[in-house]
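Student: Fold the following for me, if possible:
(2 chains)
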Amino acid sequence: MAEEPERLIAEDGTRLDGRKPDELRPLRIQAGVLKRADGSAYLELGSNKIIAAVYGPRELHPRHKQKPDRAVIRFRYNMAPFSVDERKRPGPDRRSIEISKLSKEALEPALFTEYYPRTAIDIFVEVLQADAGTRCAGITAASVALADAGIEMKDLVAAVAAGKVDGHIVLDPMYYEDGYGEADVPLAMMPKYDAITLLQMDGNMTEDEFKEAVRLAKKGCKIIYREQRRALKRKYGGE
Amino acid sequence: MTGEGPVPEYRIYVEDREVVTPGELLAEGQVIASDGTYREGDKVYSKVTGLASIEGRKVRVIPLSGPYVPTKGDYVIGIVQEVKFSSWLLDIRAPTPGVLHVSEFVDEEVDLITTDLSEYLREGDVVGALVQEVDPVKRVKLTTKGEAMNPLGRLKDGRIVEIDPVKVPRVIGRRGSMVRMLKDVLGCDIFVGINGRIFIRAREEPREIREDLAVRAIVEIERRSHLSGLTDWLESTLKRLSRW
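Tutor: Numbering: from 1, shown residues only, chains lettered A, B, ... in the order given. Okay, here's the model as predicted:
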């Protein structure tokens, strides 16, 4: 990581990349980018570049892992070796195993898994370029890929982080803000139900700051949600 | 509507043929929530990405992608995946394979102890079948006995094309107009499985060219499925190409 900037937020609240505290980075989502997968999506959030692919529902082997009353969701979050400054050693590590688990749990409530008993739904998220907030961006992309695969869902899941940087609560921290900031709060939700499906915190915040971070992240999710729906409609000529 | 009582209250929030996404509010009140939708209290939402279809008070969503979900009575084309002791497992492109029991395929009595079922059907064989039953855990039972639009039993000496199951209605066309046109113009037998598998067999020479054209026509229908006037366009194109 490059040297720490002297300050991350200017007196008037402007951030290093010119954003206001409650502003997302530029977001672009495209549904259906892979031919071989049953559903897929490509997402850019600032400098984050993420591809998500969904396979299934399909037969699950080995059979003892099947659930007789619902589908099993399998989620694999992976960072490309070239996604960060220093080469990332390929393969699963502690961090990516954790992210895979919680991403799966963030998406599961949105799916009608009981419609596909004894099957597996496989979700793959590949981070091509990372610039903080990839777990949330991965969930956002995976949710679009699931809808693109035609899997029956109650709602889409949108996700974004909020953070504490130089004492300010900001939405969607980027690389420097995440690295040198005081705290980071990733959040995923089903906007239709106003239901949070993922909430973590790394760092220290007061209760009020935490509440403000959650408020900001929820607001960000609603903007992301609109873009997710727009991406799906665009694929089928709806917009 | 006639009668004394007040007209039932309902509101529909989307247009007919509008593209909707999972979780989108479609309607409220006394509407009939059909396929592709779910109800929560008074409200009806979409559960897939698809085209909203509004017919009076009936609201449904026609999916634009997604797996083949077997329903009782479907004509499907399966490929034998595994030969078991008293049945075959057929890949029908559904999330789980379909089970075809011997008694649903063979008319005579079979002594299972002395007979290997691969004498009747082997791995890789193609079978036209009906979905006889889907149980609550989505196990699919198949049969080759009964009445169907297309032939039941083993299909041979032809070709198989696979398309997206959601695009099958387009290949069939309005009241079967598309397949009928293809059959007539190309002189082929064409059996469309609801599971997105299509069997093609030319009735006369030059067989290879006829079948090639049929395959290409179906691929083209899948690719252009969103366009209107497809049947007429394809008919004139095929007539031009089919001067044997």
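
Student: isn't there a helix covering B:Ser103?
Tutor: Yes. The assignment for B:Ser103 by DSSP: H, G, I helix; E, B strand; the rest coil puts it in a helix.

Student: center of chain A, which residue is that?
Tutor: By C-alpha atoms, centre = their mean, the mean C-alpha position of chain A lies nearest to A:Cys136, the distance being 2.3 Å.

Student: That residue and A:Val185 touch, don't they?
Tutor: No. Counting by C-beta atoms under 8 Å, A:Cys136 does not reach A:Val185; the two are 10.1 Å apart. The way it works is simple: take the backbone N, C-alpha and C, and place the C-beta from them, glycine included.

Student: if I look at these two, which residues touch both of them?
Tutor: Here A:Cys136 and A:Val185 share the contacting residues A:Ala161, scored by C-beta atoms under 8 Å, 6 or more residues apart in numbering or on different chains.

Student: How about chain A: which residue is closest to chain B?
Tutor: The nearest approach of chain A to chain B comes at A:Gly150, 2.1 Å away (C-beta to the nearest C-beta).

Student: Test my guess that that residue contacts B:Val48.
Tutor: Yes. Using C-beta under 8 Å, A:Gly150 is in contact with B:Val48, at 5.8 Å.

Student: what is in contact with those two at once?
Tutor: The contact sets of A:Gly150 and B:Val48 overlap at B:Pro63, B:Leu64, B:Gly66 (C-beta under 8 Å, 6+ apart).

Student: List just the nearest of these to B:Val19.
Tutor: B:Leu64 (7.5 Å; C-beta to C-beta).

Student: Now do the contacts for the closest one.
Tutor: B:Leu64 sits in contact with A:Gly150, A:Tyr236, B:Val19, B:Val48, B:Thr49, B:Gly50, B:Leu51, B:Val166, where contact means C-beta under 8 Å, 6+ apart.

Student: The residue of chain B found nearest chain A in helix, strand or coil?
Tutor: As assessed by C-beta to the nearest C-beta, chain A sits closest to B:Gly66 within chain B, at 2.1 Å. Following three-state DSSP, we place B:Gly66 in the coil state.

Student: Report pLDDT for it.
Tutor: Looking at B:Gly66, its pLDDT stands at 89.

Student: Kindly report the residues of chain B close to chain A.
Tutor: B:18-19, B:21-24, B:38, B:45, B:47-51, B:63-67, B:69, B:95-97, B:137-138, B:166, B:226 (C-beta under 8 Å from any C-beta of the partner chain).

Student: When you filter these down to buried only, what's left?
Tutor: Neighbour-count burial (16 or more other C-beta atoms under 10 Å in any protein chain shown) is assigned, among the residues of chain B next to chain A, to B:18-19, B:21-24, B:38, B:45, B:47-51, B:63-67, B:69, B:95-97, B:138, B:166.

Student: wait, which of the shared contacts of A:Gly150 and B:Val48 is closest to A:Arg63?
Tutor: B:Gly66 (24.3 Å).

Student: Identify the residue nearest that closest one in space, chain neighbours excluded?
Tutor: In space, and not counting its chain neighbours, B:Gly66 is closest to A:Gly150: 2.1 Å by C-beta to C-beta, 6 or more residues apart in numbering or on different chains.

Student: so how far is the first residue of stretch B:81-90 from its last?
Tutor: 5 Å (C-alpha to C-alpha, to the nearest Å).

Student: what's the answer for stretch B:179-194, then?
Tutor: 13 Å.

Student: residues of that stretch that come out buried?
Tutor: Under 16+ other C-beta under 10 Å, the buried positions of stretch B:179-194 are B:179, B:181-183, B:185-194.

Student: can the longest helix seen in chain A be found next to chain B?
Tutor: Counting by DSSP state H, the longest helix found in chain A is helix A:207-235. Yes. Taking C-beta under 8 Å from any C-beta as the criterion, helix A:207-235 and chain B are in contact, through A:Gln228, A:Arg229, A:Leu232, A:Lys233.

Student: Do me a favour and average the pLDDT over that helix.
Tutor: On average, helix A:207-235 scores 97.

Student: elements contacting that helix?
Tutor: strand A:27-31, helix A:134-148, strand A:158-165, strand A:168-171, strand A:183-190, strand A:195-199 (3 or more C-beta pairs under 8 Å, 6 or more residues apart in numbering or on different chains; DSSP states H and E).

Student: what about 7 Å?
Tutor: Under the contact definition 3 or more C-beta pairs under 7 Å, 6 or more residues apart in numbering or on different chains; DSSP states H and E, helix A:207-235 sits against strand A:27-31, helix A:134-148, strand A:158-165, strand A:168-171, strand A:183-190.

Student: out of those, deepest packed?
Tutor: Highest mean neighbour count among these (mean count of other C-beta atoms under 10 Å in any protein chain shown): helix A:134-148, with a mean of 30.
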